[in-house]
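Peer 1: Return atomic coordinates for the entry below.
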Amino acid sequence: MPNSTASPLITLGRIFYALAMLGFGLQYALYGHLRRGIPLCPAWLHPSHILAYALAALLIAASFALLTAWRVLAVSLTLGLLLLGSTALYLQHVNYVLHDADGRTLFLECLALAATALVLHGLSAGARGKFTLMPGRIFFACAMVIFGFQHFLYIRYLATLVPAWIPYHNPWILLTGFALITAGLSIATTIEDKYASYGLFLLFFGWLVLLHVPRILHAPYSANEWSSALVVLGLSGSSLLLAAASANSKSVPQQKSGTRTKVRKWRTS
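Peer 2: Next comes the predicted model:
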């Protein structure tokens, strides 16, 4: 792996993403069938139990590989392509994705998590990583923009998810939607994308701590609550990886073509 992948941002982002994949793998292993609330595979595929156990084995193995930084290049590419294929399977029921809020959310979550694996592969591949880093960035940005618009479409429902002790629920939902759209556009255009990525991390990790952890503690056996928390954990890792990608791209010095860098040898005597 290139040295760039040893940065704290990439390491922490990879760990967050790996823990999310591990959680999804354990869910598939425990339930033994595809569930509607777990976004990594459409629930209507058959035979559901065989696919669930196969996904469980693959996700658990891949997550341990990412946690230990073993074969990150191959594992991240495999996960990215697998999840992109799973995202495409959602389009078998295109009306479900276009006209059903839950279906569209699951589709976008799967797309964003697939994009994260592509971004991780791009960071791990060094100079060759642009072929996966750029598509991963675009896919992730598109998901964020549509997520943002959904906050305006379903403001009444989303306001009910805000903890009661936080005042002004509707303005918070509108502000979150605006933030997601702005961050998505920034990441897609690479304009101040590092700050947008840091902002997304604060947003997603804040949701995890303030919203999802209390809901899990209130309903520890709810598969949907665990799935939602795992998605947000994975997207927290995505944000850190995108911040690292932005930092890496801006730290490479630009040189004019045809010019050579002269190295001077200084005498110590």
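Peer 1: residue contacts, the nearest residue to residue 200 once chain neighbours are set aside?
Peer 2: Closest residue in space to residue 200, ignoring its immediate chain neighbours: residue 239 at 4.0 Å, by Cβ to Cβ, 6 or more residues apart in numbering. Quick note: C-beta positions are derived from backbone N, CA and C, even for glycine. By Cβ atoms under 8 Å, 6 or more residues apart in numbering, residue 239 lies in contact with 13, 197, 198, 200, 201, 204.
Peer 1: Let me know the closest of those residues to residue 180.
Peer 2: Distance to residue 180 across those (Cβ to Cβ) is lowest for residue 200, with 7.8 Å.
Peer 1: give me the element the closest one is part of.
Peer 2: Using DSSP states H and E, residue 200 maps to helix 193-207.
Peer 1: buried residues in the next helix or strand after that helix?
Peer 2: Note on helix 193-207: by DSSP H and E, the next helix or strand toward the C-terminus is helix 213-218. By neighbour count with 16 or more other Cβ atoms under 10 Å, helix 213-218 contains the buried residues 215, 216.
Peer 1: before we move on, what about stretch 143-152?
Peer 2: 143, 144, 145, 146, 147, 148, 150, 151.
Peer 1: now do stretch 54-69
Peer 2: 55, 56, 58, 59, 60, 62, 63, 65, 66, 69.
Peer 1: Could you give the number of residues near the residue lying closest to residue 114 once chain neighbours are set aside?
Peer 2: Nearest residue to residue 114, sequence neighbours excluded (Cβ to Cβ, 6+ apart): residue 83, at 3.4 Å. Residues within reach of residue 83, counting by other Cβ atoms under 10 Å, total 23.
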